[in-house]
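Student: Prediction below, plus the sequence it came from.
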Amino acid sequence: MPRRGKNSTGARDAFDRQLRYAPGEALGKVKELAFARFDESVDVATHLGVDPRKADQMVRGTVVLPHGTGKTVRVLAICQGEKEAEAEAAGADYVGVDYADRIKDGWLDFDVCVATPDLMKKVGPLGRILGPRGLMPTPKAGTVTFDVAQAVKDVKGGKIEYRVDRTGNLHAAIGKVSFGLAALEENLNAFMSSILRAKPAAAKGAYVKSVTVSSTMGPGVAVDPNSFTRA
């Protein structure tokens, strides 16, 4: 078992790990206990009462975080004609149809891919490359659209995509330790509100079973799931 550093051990011992805190209090502890020498991400992990193996209990969606994630997101827009100018004006980092061929050759220097529906015949075959990396554009995520400008603006402005894994867990980054507490809490509430709206009709019993927030290097702080039932 790897040895924990003094900072990590001290952070874990600095609060009652058996308690479930109110969102603001939990995030305050995350900020207080962050000890790395870089601006750590603040992450949320939830465990949902669903069985993702059943199609009618899959939880996935998108949400625009009010204060963004604090990360620089590189956006590729696969489009042509006037849509290229729209994508560039909206802030896309890479624009054009030729990038589809570059992806085939191993180029993957982007974080989100947006494509227009008419070019999915070129993007579709890239699914075996992009799919496993979570980079495949989809209509459900709003990344297959003729309104490329809005799609690019949404992604640049803090839009994130989430999807429950096969064990019912769901993770997302909701900001940076350097964010103000109010901004982190608003981002967390926006994320959890989206999760609640995405509740499958087939899900029975407790839906949000646990919520934990943490920094990249810090310990997880449990949040009271009931805090979000009215979100």
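Tutor: Happy to help now that I have it.
Student: how about residue 158, what does it touch?
Tutor: 64, 65, 66, 67, 68, 69, 187 (C-beta atoms under 8 Å, 6 or more residues apart in numbering). Placement of C-beta: from N, CA and C, glycine included.
Student: Quick one: the helices in the chain, in order.
Tutor: 6-12, 23-33, 82-90, 99-104, 120-123, 127-130, 148-156, 181-197 (DSSP state H).
Student: Where does the prediction get shaky in this protein?
Tutor: Residues of the chain meeting the criterion pLDDT under 70: 1-15, 229-231.
Student: ranges for the strands of it?
Tutor: For the chain, the strands defined by DSSP state E occupy 41-48, 60-64, 75-78, 94-95, 112-115, 159-163, 169-176, 208-215, 221-223.
Student: ok, now how distant is residue 36 from residue 101?
Tutor: 40 Å (C-beta to C-beta, to the nearest Å).
Student: and what of residue 204?
Tutor: Distance from residue 204 to residue 101, by C-beta to C-beta: 48 Å.
Student: ok so, going back, could the strands of the chain go into CSV alongside mean neighbour count and distance to residue 150?
Tutor: Listed next are the strands of the chain as CSV, based on neighbours: other C-beta atoms under 10 Å; distance: least, C-beta to C-beta, whole Å:
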stretch, mean neighbour count, distance to residue 150
strand 41-48, 21, 26
strand 60-64, 17, 11
strand 75-78, 27, 12
strand 94-95, 20, 15
strand 112-115, 26, 10
strand 159-163, 19, 10
strand 169-176, 21, 22
strand 208-215, 21, 30
strand 221-223, 23, 32
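Student: could these go into a markdown table alongside distance to residue 198?
Tutor: Converted to a markdown table, the strands of the chain look like this (distance: least, C-beta to C-beta, whole Å):
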| stretch | distance to residue 198 |
| --- | --- |
| strand 41-48 | 9 |
| strand 60-64 | 5 |
| strand 75-78 | 24 |
| strand 94-95 | 30 |
| strand 112-115 | 20 |
| strand 159-163 | 8 |
| strand 169-176 | 10 |
| strand 208-215 | 11 |
| strand 221-223 | 18 |
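Student: out of those, nearest to residue 130?
Tutor: Among these, the nearest to residue 130 by C-beta to C-beta is strand 112-115 (6.6 Å).
Student: Show me the one of the strands of the chain that comes nearest residue 17.
Tutor: Here strand 221-223 is closest among the strands of the chain (C-beta to C-beta), at 7.3 Å.
Student: Quick one: residues contacting the residue lying farthest from the centre of the chain.
Tutor: Most distant from the centre of the chain: residue 81, at 30.8 Å, with distances by C-alpha atoms, centre = their mean. Residue 81 makes no contacts at all, as judged by C-beta under 8 Å, 6+ apart.
Student: From residue 42, how far off is the nearest residue to residue 183 once chain neighbours are set aside?
Tutor: What sits nearest to residue 183 in space, not counting adjacent residues and going by C-beta to C-beta, 6 or more residues apart in numbering, is residue 67, at 4.1 Å. The gap separating residue 67 from residue 42 is 11 Å, by C-beta to C-beta.
Student: Now do the shared contacts for those two.
Tutor: 175, 179, 184.
Student: returning to that earlier point: between the contacts of residue 158, which is nearest residue 124?
Tutor: Nearest member of the contacts of residue 158 to residue 124, counting by C-beta to C-beta, is residue 64, at 26.7 Å.
Student: which residues does the residue lying closest to the closest one once chain neighbours are set aside contact?
Tutor: In this structure, residue 64 finds its nearest non-sequential neighbour in residue 159, 4.5 Å apart by C-beta to C-beta, 6+ apart. Applying C-beta under 8 Å, 6+ apart, one finds that residue 159 lies in contact with 62, 63, 64, 65, 142.
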